[in-house]
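Visitor: Structure of the sequence below:
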Amino acid sequence: MHDNRDRYSLIKPSVFPEADLIVRGILIVAIVLGHNRLLTTHSSWFFGFVYKWHVHGFFFLALASRGLRSRSSRIADVLVRFLVPFFMFLTLGTAAIAMRGEFSLNAYLQAAAIGSARLINAACDISLFWFLPAFAGYLLFVGGVGQFLARRRVPLAWLSAICVACLIITYLLPKSVALFVPLGIPIVLYIFPGAVLFGAFNQRIERFGIKLRILSAFTCLIVFSLGLFYTYRDHLDISLFKYGQGTVIVFIAGIVVSVSASLLLKAVALSMPKSALSLILAAIGKASLVIFLVHSFIQAPLVKGVQSLLPQSANAVNLAAALAISSISVAAGFWVDALLRRLPNLRELLLPHDRNAYVSVLDRIRRDPRSIIRRS
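Guide: I've put the predicted structure just below:
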């Protein structure tokens, strides 16, 4: 029998998960390149370009892939899935800092409790781990909104009101306050309206034939280019952590640019024929979380070592070295992901799927410590 609770599903789950993996592959490559100081130092325009959209897409895809549903994941499962690796990698990064004699217990505890980028950076000098608690907060918020809409007679009106409220709160919220709000809630509220916009257009692009998808990609490219032109012309910073620090138009421009970029990537992914490139990008996208978590441990020391050897004026040489280092970092992260897939107990310990699976693997390791390296 049809469940009337799902009649409100204004955003239904994506029906092309392969295309979503391709987009994730492109996004994680952009993130790795954006974190390469050898590249961003010599190409400041690239830093400004990629930080306008690279992380946003993962949040957008999360809502589009699952939809706004009345049945959300359990809170405990979401928290275990993302906070366990967060605490582990935060501790690992802090341990690396401690080896240099720069450990601060107060900074570590603040970073662990709040999980904001600035506090994490102060604790371990690797601010990117903010993504994990923020993504947990985002999934909980999306699930809560889905359950809320399931009980409303006019879900579209309520969803619109929620999006407007999110924008107003994040625009007016003082940054000094946002810094100490846990689970990245300020970023979650800012991202959510854009994710809803992306999800609505994503549904339509998925229904299109190849010609309309190409037309959609071209349209998104125009909107994205106009947004970039507007921000570059007036030297405006619309990167994720700069939201609410300008006029309302600048605030909205940040949403339009990030949404149009993600829709452009999705339209391109849907239009791509099956090829070696699409398969490689999809494989990278499947391993994107592990690549995200480990790439800095590989890329940062390589960049530091290469910077001391290369001349500052040799832009072409620096560019080649930066691309090579980022390629190595992506490949290494992909290899680590493949290794963890062959060691299921170790993977579940580091990247648990849910609370029950995590408790089970802890119990197995307690009874047989060698099971942690047992292959599947």
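
Visitor: What about residue 229, how many residues nearby?
Guide: 10 (other Cβ atoms under 10 Å). From N, CA and C alone the C-beta is placed, and that goes for glycine too.

Visitor: Give me the distance between it and residue 145.
Guide: Distance, residue 229 to residue 145, using Cβ to Cβ, to the nearest Å: 34 Å.

Visitor: Same check on residue 157?
Guide: 14 Å.

Visitor: How about residue 200?
Guide: 14 Å.

Visitor: So for these two, which sits in the more crowded spot?
Guide: The neighbour count for residue 200 versus residue 145, taken as other Cβ under 10 Å, is higher for residue 145 (21 against 14).

Visitor: Find the helix or strand that that one is a member of.
Guide: Using DSSP states H and E, residue 145 sits within helix 131-149.

Visitor: Give me the next element, helix or strand, following that helix.
Guide: helix 155-172.

Visitor: What residues sit buried inside the helix or strand that that following helix is followed by?
Guide: Per DSSP H and E, helix 155-172 leads on to helix 175-178 as the next helix or strand towards the C-terminus. With burial defined by 16 or more other Cβ atoms under 10 Å, the residues of helix 175-178 counted as buried are residue 178.

Visitor: do stretch 56-73 as well
Guide: 56-70, 72-73.

Visitor: show me the residues around the residue nearest to residue 116 when sequence neighbours are not counted that make contact.
Guide: Distances taken as Cβ to Cβ, 6 or more residues apart in numbering put residue 179 closest to residue 116, at 5.4 Å, once the chain neighbours are dropped. Listed by Cβ atoms under 8 Å, 6 or more residues apart in numbering, the contact set of residue 179 reads 114, 116, 118, 119.

Visitor: State the distance from residue 179 to residue 140.
Guide: 20 Å.

Visitor: just residue 295 next, same as before
Guide: 26 Å.

Visitor: Among these two, which residue is more densely surrounded?
Guide: residue 295 (23 against 20).

Visitor: The more buried one: helix or strand, and which one exactly?
Guide: Residue 295 belongs to helix 288-307 when elements are defined using DSSP H and E.

Visitor: same for that helix, what does it pack against?
Guide: helix 17-34, helix 37-42, helix 75-98, helix 315-342 (3 or more Cβ pairs under 8 Å, 6 or more residues apart in numbering; DSSP states H and E).

Visitor: Distance of the closest residue to residue 251 other than its chain neighbours relative to residue 337?
Guide: Of all residues not flanking residue 251 in the chain, residue 171 sits nearest, at 5.6 Å (Cβ to Cβ, 6+ apart). Using Cβ to Cβ, residue 171 is found at 38 Å from residue 337.

Visitor: who's more crowded, the two?
Guide: Per other Cβ under 10 Å, whichever of residue 171 and residue 337 has more neighbours is residue 337, with 21 against 17.

Visitor: Return the residues in contact with the more buried one.
Guide: Contacts of residue 337 by Cβ under 8 Å, 6+ apart are 286, 287, 289, 290, 291.

Visitor: Quick check: phi and psi at the second one.
Guide: So the one you mean is residue 287. phi -100, psi 10 (degrees, to the nearest 10).

Visitor: burial measure for it, as a count.
Guide: There are 22 residues near residue 287, going by other Cβ under 10 Å.

Visitor: wait, isn't it in contact with residue 332?
Guide: No: applying Cβ atoms under 8 Å as the test, residue 287 and residue 332 come out as separate, 10.7 Å apart.

Visitor: who wins for neighbours among the contacts of residue 337?
Guide: Neighbour-wise, the contacts of residue 337 (other Cβ under 10 Å) top out at residue 291, 27 neighbours.

Visitor: okay, the helix holding residue 295 in CSV with CA atoms only?
Guide: The C-alpha trace of helix 288-307 is given here as CSV (Å, rounded to 0.1, in the frame of the first residue of the first chain):
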residue,chain,number,x,y,z
SER,A,288,36.5,10.2,-1.7
LEU,A,289,36.1,10.1,2.1
VAL,A,290,39.3,8.2,2.7
ILE,A,291,41.2,10.4,0.2
PHE,A,292,39.8,13.4,2.0
LEU,A,293,41.0,12.2,5.4
VAL,A,294,44.5,11.1,4.4
HIS,A,295,45.7,13.4,1.6
SER,A,296,47.0,16.1,3.9
PHE,A,297,49.3,13.7,5.7
ILE,A,298,50.8,12.9,2.3
GLN,A,299,50.6,16.1,0.4
ALA,A,300,51.7,18.6,3.1
PRO,A,301,55.1,17.2,3.8
LEU,A,302,55.7,16.6,0.0
VAL,A,303,54.9,20.2,-0.7
LYS,A,304,57.1,21.4,2.1
GLY,A,305,60.0,19.4,0.8
VAL,A,306,59.6,20.4,-2.8
GLN,A,307,59.1,24.1,-2.0
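
Visitor: report the angle between the axes of that helix and helix 315-342?
Guide: 140 degrees (axes from the mean of the first three to the mean of the last three Cα atoms, to 10 degrees).

Visitor: Name the residues of helix 288-307 that are buried.
Guide: Applying 16+ other Cβ under 10 Å to helix 288-307 flags 288-300, 302-303, 306 as buried.

Visitor: cool, and stretch 214-230?
Guide: Quick answer for stretch 214-230 (16+ other Cβ under 10 Å): 216, 217, 220, 221, 223, 224, 227, 228, 230.

Visitor: Relative to residue 34, which of those residues is nearest.
Guide: When the buried residues of stretch 214-230 are compared for distance to residue 34 (Cβ to Cβ), residue 228 comes out closest, at 15.4 Å.

Visitor: surely the closest one meets residue 49?
Guide: Yes: when contacts are counted by Cβ under 8 Å, residue 228 is listed as touching residue 49 (7.2 Å).
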